[in-house]
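A.B. asks: let's see this in three dimensions:
(2 chains)
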Amino acid sequence: MRIATYNINSVRLRIERVLDLLKNSNIDVLCLQETKAENSKFPESRFIDNGYEYCAFNGEKSYNGVAIISRVPLTNINIQEFVNTHARHISTDLPDGTSIHNFYIPAGGDEPDRDINPKFAHKLDYVDSMTEYFKSNHDENSKLIIVGDFNIAPYEHDVWSHKQLLKVVSHTPIEVEKLNSLKESINWIDVAREYIPESEKLYSWWSYRNKDWRKSNRGRRLDHIWVTNPLKPKLSKFEILSDLRNGEKPSDHVPVIIELQE
DNA sequence: ATGGTTGGGGTCCAA
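C.D. replies: Numbering: from 1, shown residues only, chains lettered A, B, ... in the order given. The predicted structure follows:
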């Protein structure tokens, strides 16, 4: 079973790119963020026509939006609201009973101060609300996967310069602390760092504002896949498709993939 | 210290 997460920054603009990913990387379940399409405009038929019969989506006009695209049946599709009504979450069960939660955590604006920046306050409250949700509704012995654009790069080597980003939203100590509490809620395992040591630079996002993303390589690891302990022995592969930052009209994020043995 | 780019929808907001 191959599961991917990808912040696509408009599913309609990049539908061909997404279909290529599904085909070329043999994906079973794809979780998208920033679809930027209300549900009536979600290109569901394009996925169905390409062998992905099961689509669950939660969108809104212009902003946010998440979706799960699958070639295996999805059951118990559920949408939770955290803090407000933004379309930032969707979850489903897979045939083997594993539940998967797909999140688009708020970016948080520019100023890392909750008293003067409501977007930053929203981000911190959002992560707190996720922590409460998992603590009260789930436990570490269930088969659970959480994926998405978390908009937080927790470790020193999850950003290109720890020192220069300490006061930049996505890598501030308060955000990292909130993310750590979420991680501890039901003892989540950060799959990326099971495969690639914390001492190694690892990114999933590069800003559009750098002329040559590869040359400047000012990246951040904002996209995550975490699993609970019962799934740990089933993990068989981890990939970040950095090459997809290239080509015509790329997203600023790249796909992150895990493989689980059946 | 500043500005750099992109997408959606509509002449600006969010990332």
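A.B. asks: span of stretch A:54-68 from start to end?
C.D. replies: Using C-alpha to C-alpha, to the nearest Å, one end of stretch A:54-68 lies 8 Å from the other.
A.B. asks: how far off centre is it?
C.D. replies: Centre-to-centre, stretch A:54-68 and its host chain are 13 Å apart (C-alpha atoms, centre = their mean, to the nearest Å).
A.B. asks: so what's the residue of the stretch 1-150 of chain A found nearest DNA strand B scoring on pLDDT?
C.D. replies: Relative to DNA strand B, the nearest point of the stretch 1-150 of chain A is A:S10 (2.8 Å; C-beta to the nearest atom of the strand). Heads up, the C-betas are built off the backbone N, CA and C, glycines and all. With respect to pLDDT, A:S10 has a value of 98.
A.B. asks: what's the neighbour count on it?
C.D. replies: 14 (other C-beta atoms under 10 Å).
A.B. asks: quick one, phi/psi of it?
C.D. replies: Dihedral angles of A:S10 (phi, psi; degrees, to the nearest 10) stand at phi 100, psi 100.
A.B. asks: what's near enough to touch A:L13?
C.D. replies: Going by C-beta atoms under 8 Å, 6 or more residues apart in numbering, A:L13 touches A:K249.
A.B. asks: buried ones in stretch A:172-181, by neighbour count?
C.D. replies: Residues of stretch A:172-181 classed as buried by neighbour count (16 or more other C-beta atoms under 10 Å): A:172, A:175-176, A:178-179.
A.B. asks: so A:S185 sits right up against A:D128, yeah?
C.D. replies: No. With contact defined as C-beta atoms under 8 Å, A:S185 does not count as touching A:D128 (10.4 Å).
A.B. asks: between these two, who's got more neighbours?
C.D. replies: More crowded of A:S185 and A:D128, by other C-beta under 10 Å: A:S185, with 19 against 15.
A.B. asks: make sure A:S129 is indeed in a helix.
C.D. replies: Yes. A:S129 forms part of a helix when assessed by DSSP: H, G, I helix; E, B strand; the rest coil.
A.B. asks: please tell me how far the residue lying closest to it once chain neighbours are set aside sits from A:H171.
C.D. replies: With sequence-adjacent residues excluded and distances taken as C-beta to C-beta, 6 or more residues apart in numbering, A:S129 is closest to A:F82, at 4.1 Å. Noted for A:F82: a distance of 22 Å to A:H171, by C-beta to C-beta, to the nearest Å.
A.B. asks: of the two, who's got more company?
C.D. replies: A:H171 (24 against 20).
A.B. asks: in stretch A:254-262, what's buried?
C.D. replies: Result for stretch A:254-262 [16+ other C-beta under 10 Å]: buried residues A:254-260.
A.B. asks: flag every residue of the stretch 151-262 of chain A that's near DNA strand B.
C.D. replies: Residues of the stretch 151-262 of chain A found near DNA strand B (C-beta under 7 Å from any atom of the strand) are A:208-209, A:249.
A.B. asks: if we can go back for a sec, so what's the residue of the stretch 1-150 of chain A closest to DNA strand B up against?
C.D. replies: A:34-37.
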